[in-house]
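> A predicted structure for the sequence below; I have some questions about it.
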Amino acid sequence: MTLSRPRWPLNPRLVPAVLLSLSFAWIAATPAVAAGPSAPLDTFPTAKLTDKAALQNGAKLFMNYCLGCHGLSQVRYNRLRDLGLTEDQIKENLILTDAKVGDLIKTTMPLKESAAWFGKAPPDLSLTARARSSGAGSGADWIYT
Amino acid sequence: MAAEKVAQATGLLGWVDRRFPLISLYKAHLSEYYAPKNFNFWYFFGSLAMLVLVIQIVTGILLVMHYKPDASLNDAGIPVAFASVEYIMREVPFGWLIRYIHSTGASAFFVVVFLHMFRGLIYGSYREPRELIWIFGCLIFLCLMAEAFFGYLLPWGQMSYWGAQVIVNLFSAVPLIGPDLAVWIRGDFVVGDATLNRFFAFHVIALPLVLVGLVAAHIIALHEVGSNNPDGVEIKAKKDNNGIPLDGIPFHPYYTVHDILGLAGFAFIFAAVVFFAPEFGGYFLEYNNFIPADPLVTPPHIAPVWYFTPYYSMLRAVTDVFTWVFVAAAGLGAYGFLRMQNGGLLKIIGLVAMLGLAIVFRVFDAKFWGVVVMGGAVIIMFFLPWLDRSPVKSIRYRPTWQKWLYGVFVVNFFVLGYLGVLPPFPVGQVVSQLGTIFYFGFFALMPWWSQWGEFKPVPDRVTFQPH
């Protein structure tokens, strides 16, 4: 069955072309409508990732301050060898409990009581960098700021 | 051909062949199964889909060796299931690789299957006599969606938990039995340990068994009638003196070797993703899922994984106002039945049904109709062989405007998918409503539009340039 060419807007050839261009217009408009206001944001200085001294200092700060409430229970103490430390150094300086160097890094904050004291038990920090990532960058920015 | 074997095989092969139809199976499905010689790029995706199924099963078996489906908290306060996944990632040798292959494979499965279905759509591979292959394929697609949904709960992250909560709650929108149905599915009043364990059983054994069975049925049905090709020409129509199709070539060695090329291209891209971008910008592994599931903390934005987003935006498009569109469609249907010439009883039943529908569309919640639309978007594909009334199979011989229409369909599907990822907003609401209407209109009106326009003459033999 054939059709002789009817004019616009009934010409079937034009209809999909119009729809196509409209849909491209919609695609282009959507991000502009969806985006919010922007401001310059601090980012983690990635040069520090290879600065062993800075990393070891960070481990010291974590064990002395953060580990009081927050666990890091997916990581083992001997993983800190990646920071250029020997197991003896880890044992002497970074393990503040009676844990062995192959043990998981657990906090001593009691879970149930801390939920009662703070409303919620302090969350484990093993995956914070991954969880706080986004299309814009790694979660290191969130932790750093 | 008489039932005797032409030449008895000797040795071990002969011993097996006298007890199991090994050689005849090999001939029927490989060395003497004739496929059209003009297969193009689109014909890689069937074998790639089978490859990804095997990859998922093998990596899945390895993951289950270390995964624990337990939602209770360990002594560090982390759910055991979540901790077992992190254990696989950090401590099991190459566990991270197996996990990334499995998660990338899930998304790759959908990429490959969508492209495979699109091939069927453009070349009319669902047309007679291949309707059953298409139906098995649609069933495979449904099972795949369910398998992915069940599997996504297992890491027990925030997105896993809340995505499952949202989707199971949809079942509570079913009239009368809804709330009880949702409790039955979950095994509890909220998604919890009971849900995790049963989803684990479905994901690991129940659905893979069904999938493998359906894939076998899909291929058996295919081998019974032979494959379609980009020209939509039936190669079995022209055979030589030995009964071999003139345009056919034996699947082995030609397409077994040809598919290795497809495998290489796929493996290249797959490896690039697995090793360099397994999260794929948060689309394959969502960032929020690295937070353990917390029933007391709702994420600010719950969205399904990317392969469900087109259907999700159709679900969200159905608002209370939008149900009036359904009423209008039922009204059109009633008008259509009214104009039937010699309907008799069918005309009366049709009219009553349409009027009943028009009322029911306003009586039940828009939430329920959203679920119906989301499911209907997949179910309507089952009917494609009977909706397409075009005189030609392949898009190559259809009028040019119909080629554009298929293009718009693809763009529309992508737009719906993109809108499904974003939180709802007013312009997106209208766009997804229009997109839903277009999607269903494309299929529902196909019996009419597939016959409009000037069709090009289909050749007798396939168009093929030797290369």
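Happy to help now that I have it.

> Every contact and neighbour count from this point should use C-alpha atoms.
Noted.

> Look at residue B:35 and give its secondary structure.
Counting by DSSP: H, G, I helix; E, B strand; the rest coil, the backbone at residue B:35 sits in strand.

> That one - how many residues pack around it?
Residues contacting residue B:35 under the criterion other C-alpha atoms under 10 Å in any protein chain shown number 24.

> How about it, nearest residue that isn't a chain neighbour?
Excluding the flanking residues, the one nearest residue B:35 by C-alpha to C-alpha, 6 or more residues apart in numbering or on different chains is residue B:248, at 5.0 Å.

> Please enumerate the strands of chain A.
Here chain A has its strands, by DSSP state E, at A:72-76, A:104-105.

> Could you dump the ones you listed into CSV and include mean neighbour count and mean pLDDT?
As requested, these are exported to CSV (neighbours: other C-alpha atoms under 10 Å in any protein chain shown; pLDDT from 0 to 100):
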stretch, mean neighbour count, mean pLDDT
strand A:72-76, 20, 94
strand A:104-105, 21, 94
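
> Low-confidence ranges, chain A, go.
Applying pLDDT under 70 to chain A flags the ranges A:1-37.

> Which residue ranges of it form helices?
A:14-34, A:52-64, A:87-93, A:111-118, A:128-131, A:140-144 (DSSP state H).

> Same check on the stretch 51-200 of chain B?
Secondary structure of the stretch 51-200 of chain B (DSSP state H, counting those that start in this stretch): helices at B:80-90, B:95-123, B:131-153, B:158-170, B:178-186, B:193-201.

> Now distance to residue B:242 too, for the ones you listed, in CSV please.
As requested, the helices of the stretch 51-200 of chain B are exported to CSV (distance: least, C-alpha to C-alpha, whole Å):
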stretch, distance to residue B:242
helix B:80-90, 57
helix B:95-123, 28
helix B:131-153, 27
helix B:158-170, 56
helix B:178-186, 56
helix B:193-201, 51
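
> could you dump those to JSON lines with mean neighbour count, distance to residue A:71 and mean pLDDT?
Converted to JSON lines, the helices of the stretch 51-200 of chain B look like this (neighbours: other C-alpha atoms under 10 Å in any protein chain shown; distance: least, C-alpha to C-alpha, whole Å; pLDDT from 0 to 100):
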{"stretch": "helix B:80-90", "mean neighbour count": "21", "distance to residue A:71": "13", "mean pLDDT": "96"}
{"stretch": "helix B:95-123", "mean neighbour count": "20", "distance to residue A:71": "22", "mean pLDDT": "97"}
{"stretch": "helix B:131-153", "mean neighbour count": "20", "distance to residue A:71": "24", "mean pLDDT": "97"}
{"stretch": "helix B:158-170", "mean neighbour count": "21", "distance to residue A:71": "19", "mean pLDDT": "93"}
{"stretch": "helix B:178-186", "mean neighbour count": "17", "distance to residue A:71": "31", "mean pLDDT": "93"}
{"stretch": "helix B:193-201", "mean neighbour count": "20", "distance to residue A:71": "24", "mean pLDDT": "97"}
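
> What is the burial count for residue B:265?
For residue B:265, using other C-alpha under 10 Å, the count is 11.

> Check what pLDDT it gets.
Confidence at residue B:265, expressed as pLDDT, is 97.

> any idea how far it is from residue B:118?
19 Å (C-alpha to C-alpha, to the nearest Å).

> before we move on, what about residue A:138?
Counting by C-alpha to C-alpha, the gap from residue A:138 to residue B:118 is 36 Å.

> contact partners of stretch A:125-144?
A:42-44, A:70-75, B:281-282, B:287-291 (C-alpha atoms under 8 Å, 6 or more residues apart in numbering or on different chains).

> Near chain A, which residues of chain B are found?
Counting by C-alpha under 8 Å from any C-alpha of the partner chain, the residues of chain B close to chain A are B:76-78, B:83, B:86-87, B:281-282, B:287-291, B:400-401, B:404-405, B:407-408, B:411-412, B:415, B:425, B:427-428, B:431, B:451-454.

> Now, of these, which are buried?
B:76-78, B:83, B:86-87, B:282, B:287-291, B:400-401, B:404-405, B:408, B:411-412, B:415, B:428, B:431, B:451-453 (16 or more other C-alpha atoms under 10 Å in any protein chain shown).

> Contact partners for residue 74?
Just going to use chain A. Residue A:74 touches A:104-105, A:126, B:83, B:86-87, counting by C-alpha under 8 Å, 6+ apart.

> if you could check chain B rather than the one you did, that'd help
Contacts of residue B:74 (C-alpha under 8 Å, 6+ apart): residue B:80.

> Over to residue B:124?
B:232, B:393-395.

> The nearest residue to residue B:87 once chain neighbours are set aside and residue A:66: what is the separation?
Computed as C-alpha to C-alpha, 6+ apart, the closest residue to residue B:87 that is not its neighbour in sequence is residue A:74, at 7.1 Å. Remark: distance between residue A:74 and residue A:66 (C-alpha to C-alpha) = 15 Å.

> about what we covered before: sort out for me which of the buried ones among the residues of chain B next to chain A are in helices.
Those of those lying in helices (DSSP H): B:83, B:86-87, B:400-401, B:404-405, B:408, B:411-412, B:415, B:428, B:431.

> Including distance to residue B:43, could the residues you listed go into a markdown table?
Formatted as a markdown table, those follow (distance: C-alpha to C-alpha, whole Å):
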| residue | distance to residue B:43 |
| --- | --- |
| B:83 | 41 |
| B:86 | 38 |
| B:87 | 40 |
| B:400 | 23 |
| B:401 | 24 |
| B:404 | 22 |
| B:405 | 22 |
| B:408 | 22 |
| B:411 | 22 |
| B:412 | 24 |
| B:415 | 26 |
| B:428 | 35 |
| B:431 | 33 |
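
> so which of those residues comes closest to residue A:50?
Nearest to residue A:50 out of those is residue B:86 (C-alpha to C-alpha; 24.8 Å).

> how about that closest one, what does it touch?
residue A:74.

> before we move on, back to that, nearest to residue B:49, out of the helices of the stretch 51-200 of chain B?
helix B:95-123 (5.9 Å).

> now that closest one: how far from the chain's centre is it?
Relative to the centre of its chain, helix B:95-123 is centred 10 Å away, using C-alpha atoms, centre = their mean, to the nearest Å.

> Are there helices or strands packed against the host helix or strand of residue B:417, and which ones?
According to DSSP states H and E, residue B:417 maps onto helix B:400-421. Contacts defined by 3 or more C-alpha pairs under 8 Å, 6 or more residues apart in numbering or on different chains; DSSP states H and E place helix B:400-421 against helix A:14-34, helix B:309-317, helix B:426-444.

> Please repeat the previous calculation with a cut-off of 6 Å.
helix A:14-34, helix B:309-317 (3 or more C-alpha pairs under 6 Å, 6 or more residues apart in numbering or on different chains; DSSP states H and E).

> mind showing which ranges of chain B have poor pLDDT?
Along chain B, segments meeting pLDDT under 70 span B:1-7.

> Now do the end-to-end distance for stretch B:239-257.
24 Å.

> what's it in contact with?
Residues outside stretch B:239-257 that contact it (C-alpha atoms under 6 Å, 6 or more residues apart in numbering or on different chains): B:30-37, B:235-236, B:238.

> Just the buried subset of these, please.
B:30-37, B:235-236.

> Looking at those, spot the one nearest chain A.
residue B:235 (26.2 Å; C-alpha to the nearest C-alpha).

> need the contact list for the closest one.
B:245, B:247.
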